[in-house]
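Novice: I would like the atomic coordinates for the input below:
(one chain, ligands or ions: 1)
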Amino acid sequence: MKKVFIYFFVFLFICFILPALLTKWETSTYSEASSENEENPKEASEEASDAYVYNQYGTIKLLHADTNEVEEVALDSYLCNVVSAEMPVDFEKEALKAQAIVARTYTIYKMHYQKHDNADICDDSTCCQAWISKEDRFARWDGDKEAKWDKIEECVNETKGKVITYENQPINAFFHSNSGGKTELPVDVWGGGSNMPYLQVVETLGEEGYTQYNSEVELTNEEILEKLKQKYADIQIDFNNNEDIKILEYTSSGRVKTIKFGNHEISGTEARSIFGLKSTNFEFVKEEGKIKFIVKGYGHGVGMSQTGADSMAKSGSTAEEIIQHFYVGVEIKEVNSL
Ligand SMILES: [Zn+2]
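Specialist: Coordinates of the predicted model:
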């Protein structure tokens, strides 16, 4: 009798229980796989980038130059204030993303080589990097301010953790407004030897379409003398002698390296600052009783040109391609991998 029960039980197991178990196993395997497939890949990658956790550098100490207060802020939140201060929000998204990566790299570079005793970086653009509060930004924007801010946040979030490296170290990511078509070597702006081989002279098309490309400064002969006298008390210029005002040397990018004013030879960067020119990429025309400086580009010309980045983005370049163009031989890496 017992045997009959055992056979019956084995029969039940083979016919019903085993198939049911197998079906359940298959179903559960399939459903796991399908739930992965059903997820929108875009959402999945956004979740992943939102989940990016900085091993270090996640918070920075920001010095507000006007109040001398130091504020601890989350890196990427700080970068939204920086990007919105440094680049027009109506620039292409890929250009803004390049600016976000540049700003993150610059910030981390500053954290390595601290300039301020009690802070990582300050909000003075002439010292460290420009920054604007969201409140002040909104006061200066018109139109749909929330949409503009969202665009900036997206550009920062989509590049979370990304920094520009050379030999596995964050680079000194200089940038400027408009290169006038060609970027400049740091040695021709600040002198000294360069340990930054990623900063070379590179050409960019399309910068002439921006308002920052062309500018002019007109000064009377008296104003020229007056401005030079503040630095060179013994200055003497014969404005009727063509040899007395003359460009003597150009840098490898074609900017003015040395210019002669009467009994003094001064550097192009000095002339830029004395006469308030937008760049050292200038020529001059003598007119009746005055001199007109005709200037190309805006800024020191080293590293990424912001209008060049926008122009490249308009032609279809990605943020990474823009960065590889302006910083030679660099790699874009996750900061946690360094
Ligand atoms: Zn500073």
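Novice: Centre of the chain to the helix or strand containing Asn81, how far?
Specialist: In the assignment (DSSP states H and E), Asn81 maps to helix 75-86. Centroid displacement of helix 75-86 relative to its chain, using C-alpha atoms, centre = their mean, to the nearest Å, is 11 Å.
Novice: Buried residues, that helix. List them.
Specialist: Neighbour counts over helix 75-86 (16 or more other C-beta atoms under 10 Å) mark Leu75, Asp76, Tyr78, Leu79, Cys80, Asn81, Val82, Val83, Ser84, Ala85, Glu86 as buried. The way it works is simple: take the backbone N, C-alpha and C, and place the C-beta from them, glycine included.
Novice: Mind pulling the model confidence for the second one?
Specialist: So the one you mean is Asp76. If you check Asp76, the pLDDT there is 96.
Novice: Confirm for me that it is in contact with Glu158.
Specialist: No: at 10.8 Å, Asp76 does not count as touching Glu158 under the criterion of C-beta atoms under 8 Å.
Novice: okay, and the common contacts of those two?
Specialist: By C-beta atoms under 8 Å, 6 or more residues apart in numbering, Asp76 and Glu158 have no common neighbours.
Novice: In this structure Gln99 contacts Ser305, no?
Specialist: No: using C-beta under 8 Å, Gln99 makes no contact with Ser305, being 11.2 Å away.
Novice: For the stretch 51-200 of the chain, which segments count as helices?
Specialist: Under the criterion DSSP state H, counting those that start in this stretch, helices of the stretch 51-200 of the chain are mapped to 75-86, 93-112, 134-140, 145-157, 187-190.
Novice: Looking at those helices, spot the one closest to Arg272.
Specialist: helix 187-190 (9.7 Å; C-beta to C-beta).
Novice: Give me the distance from that closest one to the chain's centre.
Specialist: On C-alpha atoms, centre = their mean, the centre of helix 187-190 falls 20 Å from that of its chain.
Novice: One more: stretch 88-104?
Specialist: 7 Å.
Novice: same question, stretch 150-159
Specialist: The chain centre lies 13 Å from the centre of stretch 150-159; the measure is C-alpha atoms, centre = their mean.
Novice: picking up where we left off before, with respect to the ion, which of the helices of the stretch 51-200 of the chain lies nearest?
Specialist: helix 93-112 (7.8 Å; C-beta to the ion).
Novice: rewinding a little: among the buried residues of helix 75-86, which one lies nearest to Trp141?
Specialist: Ser84 (8.7 Å).
Novice: check contacts around the residue of the stretch 151-300 of the chain found nearest the ion.
Specialist: In the stretch 151-300 of the chain, the residue that lies nearest the ion is Asn172 (14.1 Å; C-beta to the ion). By C-beta under 8 Å, 6+ apart, Asn172 lies in contact with Tyr106, Tyr109, Met196, Leu199.
Novice: confidence score at the nearest residue to Ala313 once chain neighbours are set aside?
Specialist: Distance criterion C-beta to C-beta, 6 or more residues apart in numbering; nearest residue to Ala313, sequence neighbours excluded, is Glu92 at 3.4 Å. For Glu92, the pLDDT comes out at 98.
Novice: overlap in contacts of Gln99 and Ser305?
Specialist: With C-beta under 8 Å, 6+ apart as the test, Gln99 and Ser305 both reach Phe175.
Novice: Not counting sequence-adjacent ones, nearest residue to Val201?
Specialist: Per C-beta to C-beta, 6+ apart, closest to Val201 is Ser253, 4.6 Å.
Novice: my guess is that neighbour meets Pro186, correct?
Specialist: No: if you go by C-beta under 8 Å, Ser253 and Pro186 don't touch, sitting 11.4 Å apart.
Novice: So those two - more neighbours on which side?
Specialist: Ser253 (23 against 20; other C-beta atoms under 10 Å).
Novice: Show the pLDDT at that one.
Specialist: Predicted confidence (pLDDT) for Ser253: 97.
Novice: now swap in Lys162 and tell me
Specialist: The model's pLDDT for Lys162 equals 97.
Novice: Tell me who's in contact with it.
Specialist: So Lys162 contacts Ile101, Arg104, Ile332, Lys333, Glu334, Val335 (C-beta under 8 Å, 6+ apart).
Novice: For it, give the beta-bridge partners.
Specialist: Glu334 (DSSP bridges).
Novice: Any figure for the gap between it and Ala319?
Specialist: Computed as C-beta to C-beta, to the nearest Å, the Lys162 to Ala319 distance reads 9 Å.
Novice: Next: His116.
Specialist: 29 Å.
Novice: got any ranges where the chain has weak pLDDT?
Specialist: Within the chain, the stretches with pLDDT under 70 are 1-51.
Novice: Let me see the domain layout of it.
Specialist: Domain segmentation of the chain under automatic domain parsing yields 59-208+301-337, 214-296.
Novice: first vs last residue of the last one, how far apart are they?
Specialist: Going back to what we said before, that points to domain 214-296. 5 Å (C-alpha to C-alpha, to the nearest Å).
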